[in-house]
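1. After the sequence you'll find the predicted model.
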Amino acid sequence: MKTAIIIPARYASTRFPGKPLAMLAGKTMLARVVELARKAAADFPGTGVYVTTDDERIKNHAGEIGVECLMTSPDCPTGSDRVLAAAKQLPDAPDFLLNLQGDAPFTPVTALQALLDAYLENPDVEVVTAVHR
């Protein structure tokens with residue numbers, strides 16, 4: 001199974017411009033989210049981790065932290081639209097996309113792994129959603 005964890009990261013937030021590059025305990029928010037994605041992907045061969053943005057500052061930072069960045073249009077209305085636009089740029093279409101928002105540095109790795117497991121167990125489903133009871 002080929003999976004892509006794609007992290008949309010937008011610089012031009014109206015409420016908090018530059019949020020993905022904000023520092024949290026010595027690391028950027030984006031670096032923390034990329035670390036979560038990499039930890040989640042470690043047990044799932046064929047899983048790639050990517051950042052997607054329309055901003056050169058975020059693209060440059062992605063390069064600094066060693067994650068591939070897929071540039072998308074500033075006209076993408078949502079992070080989900082940006083993830084889809086980025087996925088279409090990948091040379092091999094993934095079987096499963098995991099949209100991990102770039103401003104979610106406290107997402108439990110176990111939640112991401114549970115989403116990947118849920119798809120592996122039910123590859124015919126089109127959407128898997130995390131739920132906290």
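-> Looks like it came in fine.
2. rest of the way, CA atoms for contacts and neighbours
-> Fine.
3. quick one, strands of this protein?
-> 3-8, 23-24, 27-28, 47-53, 68-71, 96-99 (DSSP state E).
4. okay, the ones you listed, which one's buried deepest?
-> Mean neighbour count (mean count of other Cα atoms under 10 Å) peaks for strand 3-8 among these, with a mean of 26.
5. From the rest of the structure, what touches it?
-> Where contact means Cα atoms under 8 Å, 6 or more residues apart in numbering, the residues beyond strand 3-8 that reach it are 33-34, 37, 41, 46-53, 79-80, 82-83, 86-87, 94-102.
6. Just the CA trace of that strand, in CSV.
-> Taking C-alpha atoms only, strand 3-8 is exported to CSV below (Å, rounded to 0.1, in the frame of the first residue of the first chain):
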residue,chain,number,x,y,z
THR,A,3,0.3,6.1,1.5
ALA,A,4,1.1,9.8,1.7
ILE,A,5,0.9,11.9,4.9
ILE,A,6,0.4,15.4,3.5
ILE,A,7,0.7,18.4,5.8
PRO,A,8,-0.9,21.6,4.6
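7. What strands flank that strand, and is each parallel or antiparallel?
-> Strand pairing for strand 3-8, determined by DSSP bridges: strand 47-53 (parallel), strand 96-99 (parallel).
8. Out of these, which gets the lowest mean score?
-> With a mean of 94, strand 96-99 has the lowest mean pLDDT of the strands paired with strand 3-8.
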